[in-house]
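>>> How does the following fold in three dimensions:
(one chain, ligands or ions: 1)
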Amino acid sequence: MKKIRVTIWNEYMPQQTRGAIYEAYPEGLHECIRLGIAAGDLEIRTATMDQPEQGLPDEVLNSTDVLVWWGHAGHEQVSDALVDKIQNRVLYGMGLIVLHSAHMSKIFRRLMGTRCRLNWREVGEKERLWVVAPEHPIAHGVPETFVVPHTEMYGEPFDIPDDGKIVFMSWYEGGNVFRSGVAFRRDNGKVFYFSPGHETFPIYRDPVILKIIGNAVRWAAPEEIFPERVTRRPEPVEKITTENPAKPQQALT
Ligand code: ZN
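As a prediction, the model looks like this:
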């Protein structure tokens with residue numbers, strides 16, 4: 001069986017290599033997720049912004065079936081040229097899993113076409129998630145409801161388009177609610193936003209959270225990536241007998 005080629009991208013800014021984030025993920029968030037979702041059907045690499053071409057040179061991007069994206073402080077540093085390339089690759093069929101604070105990443109906002117803002121509060125409160133689409137592949141094997149003991153609250157209203165399939169909903173101790181897992185299609189590509197994953201809590205060590213990310217990767221994996229289509233004026237398949245009412249010089253354009 002062909003393995004799904006997964007690239008886990010993390011901005012991995014210097015502030016992730018010290019202090020509270022380092023304490024939660026001394027190995028790096030990307031490495032924690034890589035080890036946490038590792039399985040025989042996945043071929044996983046990681047990429048960070050400090051690497052050449054921000055971790056995603058063409059040879060990496062063009063051999064990625066599913067890109068997992070975690071970013072927070074460095075969204076604006078991601079080059080627009082790279083965002084263009086990622087967007088195209090998604091439209092051709094690459095899957096994209098957008099985690100936590102990457103709701104404000106350039107690539108997610110580009111693909112959504114909306115501002116993607118939300119409410120937030122960082123007091124380490126409890127979050128309860130509910131599966132609202134148990135039939136969805138991303139929810140397979142996931143308990144009907146489960147708790148993240150300490151989280152950053154992400155609350156409604158969340159400025160995303162309404163063409164997404166809501167797979168998970170969250171309730172927070174402070175009373176807020178949130179669409180915490182939403183699945184979209186953009187042309188040939190599938191996009192999944194999943195909010196749990198604040199960088200100072202060990203949320204990516206939770207087996208249920210990792211199960212969901214693994215499910216999302218498999219759901220988003222394309223059967224085929226379509227290259228750029230060449231647009232042309234095709235020959236008619238039937239004989240056209242209707243007389244063209246346009247004047248000849250107009251018909252030429
Ligand atoms: Zn956060």
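>>> does Phe108 sit in a helix or strand, and which one?
Phe108 belongs to helix 106-112 when elements are defined using DSSP states H and E.
>>> Going toward the C-terminus from that helix, what's the next helix or strand?
Remark: after helix 106-112, the chain's next helix or strand is strand 119-131, criterion DSSP H and E.
>>> is the ion contacted by stretch 194-212?
Yes - judged by C-beta under 5 Å from the ion, stretch 194-212 comes into contact with the ion at His198. Glycine gets a C-beta too; all of them are placed from N, C-alpha and C.
>>> ok, and the closest non-adjacent residue to whichever residue of the stretch 151-253 of the chain sits closest to the ion?
Evaluated by C-beta to the ion, the stretch 151-253 of the chain has His198 as its residue closest to the ion, separated by 3.6 Å. Among residues not flanking His198 along the chain, Glu152 sits closest, at 3.9 Å (C-beta to C-beta, 6 or more residues apart in numbering).
>>> Pretty sure that neighbour sits in a helix.
No - counting by DSSP: H, G, I helix; E, B strand; the rest coil, Glu152 is not found in a helix; it is strand.
>>> Low-confidence bits of this structure, can you list those?
Within the chain, the segments meeting pLDDT under 70 span 228-230, 248-253.
>>> what does it put close to the ion?
Ser101, Glu152, His198.
>>> contacting residues around the second one?
Contacts of Glu152 were listed using C-beta atoms under 8 Å, 6 or more residues apart in numbering, and they are Trp120, Arg121, Glu122, Gly124, His198, Phe201.
>>> repeat for the last one
Contact criterion C-beta under 8 Å, 6+ apart gives His100, Ser101, Glu122, Thr151, Glu152 as the residues in contact with His198.
>>> What of His75?
His75 is in contact with Glu11, Ala102, Met104, Ser105, Lys106, counting by C-beta under 8 Å, 6+ apart.
>>> make it 6 Å
Contacts for His75 (C-beta atoms under 6 Å, 6 or more residues apart in numbering) come out as Met104, Ser105, Lys106.
>>> just Phe158 next, same as before
With contact set as C-beta under 6 Å, 6+ apart, Phe158 has these partners: Leu118, Arg179.
>>> picking up where we left off before, scan the contacts of Glu152 and report the most crowded one.
Within those, His198 tops the neighbour count with 24 neighbours, counted by other C-beta atoms under 10 Å.
>>> From the ion, how far off is the residue nearest to Val78 when sequence neighbours are not counted?
Once flanking residues are discounted, Val78 sits nearest to Lys106: 5.5 Å by C-beta to C-beta, 6+ apart. Noted for Lys106: a distance of 18 Å to the ion, by C-beta to the ion, to the nearest Å.
>>> Check whether Lys106 really touches Asp80, as I assumed.
No - between Lys106 and Asp80 there is no contact under C-beta atoms under 6 Å: 7.2 Å.
>>> More neighbours: which of the two?
It is Lys106, of Lys106 and Asp80, that has more neighbours when counted by other C-beta under 10 Å, with 20 against 9.
>>> check contacts around that one.
Neighbouring residues of Lys106 by C-beta under 6 Å, 6+ apart: His75, Val78, Val83.
>>> Cross the residues you listed against helices and list the overlap.
Val83 (DSSP state H).
>>> neighbours around Met153, how many?
For Met153, the neighbour count with other C-beta under 10 Å is 23.
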